[in-house]
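Undergrad: return a 3D structure for these sequence lines:
(one chain, ligands or ions: 2)
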Amino acid sequence: MLVDKRVVILSITGGTLFYVVSQYHISLWYLLLVGAVSGIIFGKVFCRWMCPMGLIMELLMSMNPDGKIKQMYQYHKIGCPIAWISGWLNKFSLFKIKLKAESCLNCGACDKKCYIVAMEPTKFSLYKPKTEKPGDSYTCSKCLECVAICPNGSLTYKV
Ligand code: SF4
Ligand code: SF4
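TA: Numbers count the residues shown, from 1 in each chain. Ligands and ions are numbered 1, 2, ... in the order given. Next up, the predicted model:
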């Protein structure tokens, strides 16, 4: 599945973007445009699927289990206009994480995978009624771990 290859995809897209921007002196405004257009279609996919800085931070995080780098990454994202715009667009994007409630087994596997639910378990859930959906929140970077772990396809990411 695509989610298993996310870091490979991020390496290719992030590396290519970095090369093109630095080699051809492309204005960072164009990168912002890429983030906004991808945000309208897919939501906040730029950080975890396309961003060179995101790739570096993820590699550093994997070498730093105590979480200090993770905190730095959060601060970095707070300062990044692409993250602001595409995060805000999570509410309005064409592609969304959708639940088929009639087939959901209430197993909770999706929530266990989601870092947003982990931070605020009473507020967010991918399957519990009367909770906010983490996929619509500013913080969801469309890792799609929730969709990948669902045992029977009750969660999908589609238009
Ligand atoms: S894609 Fe799913 S698991 Fe990942 S942050 Fe968004 S809601 Fe949580
Ligand atoms: S992983 Fe799938 S089946 Fe299990 S609670 Fe989440 S949506 Fe429902």
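Undergrad: kindly state the pLDDT recorded for Gly43?
TA: pLDDT, Gly43: 97.
Undergrad: does it touch Phe95 like I think?
TA: Yes: if you go by CB atoms under 8 Å, Gly43 and Phe95 touch, sitting 6.4 Å apart. Just so you know, the C-beta spots here come from the backbone N, C-alpha and C atoms, and that holds for glycine as well.
Undergrad: what about those two, which has more around it?
TA: Remark: of Gly43 and Phe95, Gly43 carries more neighbours, 26 against 16, as counted by other CB atoms under 10 Å.
Undergrad: now do Ser22 against Gly15, distance only.
TA: Going from Ser22 to Gly15 by CB to CB, to the nearest Å gives 11 Å.
Undergrad: should've said Tyr127
TA: Taking CB to CB, one finds Tyr127 at 36 Å from Gly15.
Undergrad: neighbouring contacts of the lengthiest helix in the chain?
TA: Longest helix of the chain, by residue count under DSSP state H: helix 6-24. Counting by CB atoms under 8 Å, 6 or more residues apart in numbering, helix 6-24 makes contact with 2, 26, 28, 31, 48-55, 58, 143-144, all of which sit outside it.
Undergrad: hey, which helix or strand in the protein has the poorest pLDDT?
TA: The weakest-scoring helix or strand in the chain, judged by mean pLDDT, DSSP states H and E, is helix 68-78 (a mean of 64).
Undergrad: can you pull the residues of the protein lying near ligand 1?
TA: By the rule CB under 6 Å from any ligand atom, the part of the chain lying against ligand 1 is 97, 113-116, 134-135, 140-146.
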